[in-house]
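Colleague: sequence-free structure coming up:
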């Protein structure tokens, strides 16, 4: 690898390697990490979040909150969509009317169902009236890019691959599972980006991604990097590495309707049988910290005093015995039962799956690993076609995300309760947390929710990833965000020494 001639970014264009293609570039539907991150470059939101996850204006000049259920947004004037049409109040109303239409089947419906009405006051002023106080309303707005109303009825079916936004970049080409090309938006209201073009190359194989980086065909990789190769990367004079603790949460999900996995003792046994610390140390090379739940220690609502499952094979075996799943031949080849474990084709993810497979085998659980390209894998998870799977949550800001993930009304397509978890107490608490504006009371509510989830085990918490970006030294201005966002690409420039 070291003898291959290297090249630097040229022509004010950078190439970024991605593990998988975004599944949908329509922000009203996008839920996977790469779709969300690219949408940040194509669209603008009413609200964005600062470094402490506090809501601040994006395409608005200001907003008013005259009472607990009313929000009035004053748009900046002259903001243009990529087709040259001006963004106005009607586009804002249209965007959220779509999400609130049950027939539209937006996965973001649950985040905005408290909206009672949206009123256009004038061309640049729009009012949202809520049914009741809704604490995460402003933060939720930071996820949804505004789409144009004009002529959308003619292009709804293709908008996910031919999007039109107001963001710093506009789509030039989208070849699924091959590449996405973005060109600078010369008319961007917040100043033209310094880069002329960004090319996202879809490279599922992590080794190939590193070869492309080493050859100079790729200029930046963020995460999805084999940890074993960091010593090699750190010796490369042409590269620089930036690390930052992250909030991305990795977990194992269960199908709670499964005949075996609906027994909590089985889920507890699986949690005890996985040696997370060993995986972090030897496979991830320390680039993660053990997780206790979806909310990371950087979140204001994080609760540290929850039940955790430290590695303990004997406890795992005893729980399986109690569940009546006896190991009839002790340490012999016969397993207690078999489960299918789904993951993507990424080499690191497959390797982690193989380690988990071996660890579960030691307590008598046979695991059959099924790896799929990203689109197929993600489709299976969303449809509930799994027993076990591993995935990560990115971009967690407000704890109300627990509604989207665990409330019984959030079963797909209404949300991301993919394992079909149902707990009436959790439902009640989540609903209470949504209408409680007092921060101390909200923290107490989410503290109890986290404690219940840690006991019910709809997920096995694995780790919070450390975000790592490896890039050519000629790239400047790139910021590594806790959630792995691509926001800073609008401010990146190339400067060859």
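Modeller: Arrived safely. These figures come from a predicted structure and were not determined experimentally. Numbering: from 1, shown residues only.
Colleague: Okay, buried residues for stretch 464-482 please.
Modeller: By neighbour count on 16 or more other Cβ atoms under 10 Å, the buried set for stretch 464-482 is 464-472, 474-475, 478, 480-482. Every C-beta, even on glycine, is put in place using the N, C-alpha and C of the backbone.
Colleague: what's the closest of these to residue 317?
Modeller: Ranked by distance to residue 317 (Cβ to Cβ), those are led by residue 464 at 28.7 Å.
Colleague: For the closest one, which three-state class applies?
Modeller: Of the three states, residue 464 takes strand under DSSP: H, G, I helix; E, B strand; the rest coil.
Colleague: Can you verify my assumption that it contacts residue 276?
Modeller: No. Counting by Cβ atoms under 8 Å, residue 464 does not reach residue 276; the two are 11.2 Å apart.
Colleague: returning to that earlier point: now, which of the buried residues of stretch 464-482 sits nearest residue 204?
Modeller: Set against residue 204, the nearest of these by Cβ to Cβ is residue 470 (17.8 Å).
Colleague: what sits opposite that closest one in the beta ladder?
Modeller: residue 221, residue 241 (DSSP bridges).
Colleague: Verify the stated contact: it with residue 234.
Modeller: No. Distance between residue 470 and residue 234: 9.3 Å, which falls outside the contact criterion (Cβ under 8 Å).
Colleague: what residues do the two have in common as contacts?
Modeller: Residues touching both residue 470 and residue 234 by Cβ atoms under 8 Å, 6 or more residues apart in numbering: residue 241.
Colleague: From residue 396, how far off is the closest residue to residue 439 other than its chain neighbours?
Modeller: Spatial nearest neighbour of residue 439, excluding adjacent residues (Cβ to Cβ, 6 or more residues apart in numbering): residue 300 at 7.6 Å. To residue 396, residue 300 is 12 Å away according to Cβ to Cβ, to the nearest Å.
Colleague: More neighbours: which of the two?
Modeller: residue 396 (21 against 14; other Cβ atoms under 10 Å).
Colleague: Quick check: that one vs residue 240, distance?
Modeller: Distance from residue 396 to residue 240, by Cβ to Cβ: 28 Å.
Colleague: just residue 397 next, same as before
Modeller: 28 Å.
Colleague: Of these two, which one has the most company?
Modeller: residue 397 (21 against 17).
Colleague: Next up, phi/psi of that one, please.
Modeller: Dihedral pair for residue 397: phi -120, psi -70, per degrees, to the nearest 10.
Colleague: Helices along the stretch 201-350 of the chain, start to end?
Modeller: Using DSSP state H, counting those that start in this stretch, the helices of the stretch 201-350 of the chain run over 206-215, 230-234, 264-273, 276-278, 313-322, 347-361.
Colleague: helices and strands around the first one, which ones?
Modeller: Think helix 206-215. If you count contacts as 3 or more Cβ pairs under 8 Å, 6 or more residues apart in numbering; DSSP states H and E, helix 206-215 packs onto strand 13-18, strand 220-222, helix 347-361.
Colleague: Can you give the contact residues for the second one?
Modeller: Residues from elsewhere that reach strand 220-222, judged by Cβ under 8 Å, 6+ apart: 14-17, 209-210, 213, 467-472, 475, 478, 480, 484.
Colleague: let's see 6 Å
Modeller: 16-17, 209, 213, 469-471 (Cβ atoms under 6 Å, 6 or more residues apart in numbering).
Colleague: how about low-confidence regions in the stretch 1-150 of the chain?
Modeller: 1-11, 51-52 (pLDDT under 70).
Colleague: Can you give me the domain assignment for the chain?
Modeller: 13-24+167-238+473-494, 44-150, 246-465 (automatic domain parsing).
Colleague: Tell me which of these sits nearest to residue 33.
Modeller: domain 246-465 (4.6 Å).
Colleague: and the closest one, how far out from the chain's middle?
Modeller: Distance of domain 246-465 from the chain centroid (Cα atoms, centre = their mean, to the nearest Å) equals 16 Å.
Colleague: so how far is the first residue of it from its last?
Modeller: Using Cα to Cα, to the nearest Å, one end of domain 246-465 lies 6 Å from the other.
Colleague: ok, back up a step: export the domains of the chain to CSV and append columns for distance to residue 35.
Modeller: As requested, the domains of the chain are exported to CSV (distance: least, Cβ to Cβ, whole Å):
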stretch, distance to residue 35
domain 13-24+167-238+473-494, 4
domain 44-150, 11
domain 246-465, 10
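Colleague: out of these, which comes closest to residue 37?
Modeller: Of those, nearest to residue 37 by Cβ to Cβ is domain 13-24+167-238+473-494, at 4.5 Å.
Colleague: What is the distance between that closest one and the centre of its chain?
Modeller: 17 Å.
Colleague: Where does the residue nearest to residue 128 when sequence neighbours are not counted fall, secondary structure wise?
Modeller: If you skip the residues right next to it in sequence, residue 128 has residue 71 as its closest partner in space, 4.7 Å away by Cβ to Cβ, 6+ apart. Per DSSP states H and E: residue 71 is located in strand 70-75.
Colleague: List the first helix or strand encountered after that strand toward the C-terminus.
Modeller: Next along the chain after strand 70-75, taking DSSP H and E as the criterion, comes helix 89-100.
Colleague: list the buried ones in that following helix?
Modeller: Result for helix 89-100 [16+ other Cβ under 10 Å]: buried residues 89, 91-96, 98-100.
Colleague: so what does it touch, helix or strand wise?
Modeller: Contacts defined by 3 or more Cβ pairs under 6 Å, 6 or more residues apart in numbering; DSSP states H and E place helix 89-100 against strand 115-122.
Colleague: quick one: buried residues of the strand it packs on?
Modeller: 115, 118.
Colleague: Now do it and helix 89-100, the angle between them.
Modeller: Angle, strand 115-122 to helix 89-100, by axes from the mean of the first three to the mean of the last three Cα atoms, to 10 degrees: 170 degrees.
Colleague: partner strands of strand 115-122, parallel or antiparallel?
Modeller: Assessed with DSSP bridges, strand 115-122 is paired to strand 125-130 (antiparallel).
Colleague: Centre of the chain to the strand it pairs with, how far?
Modeller: 28 Å.
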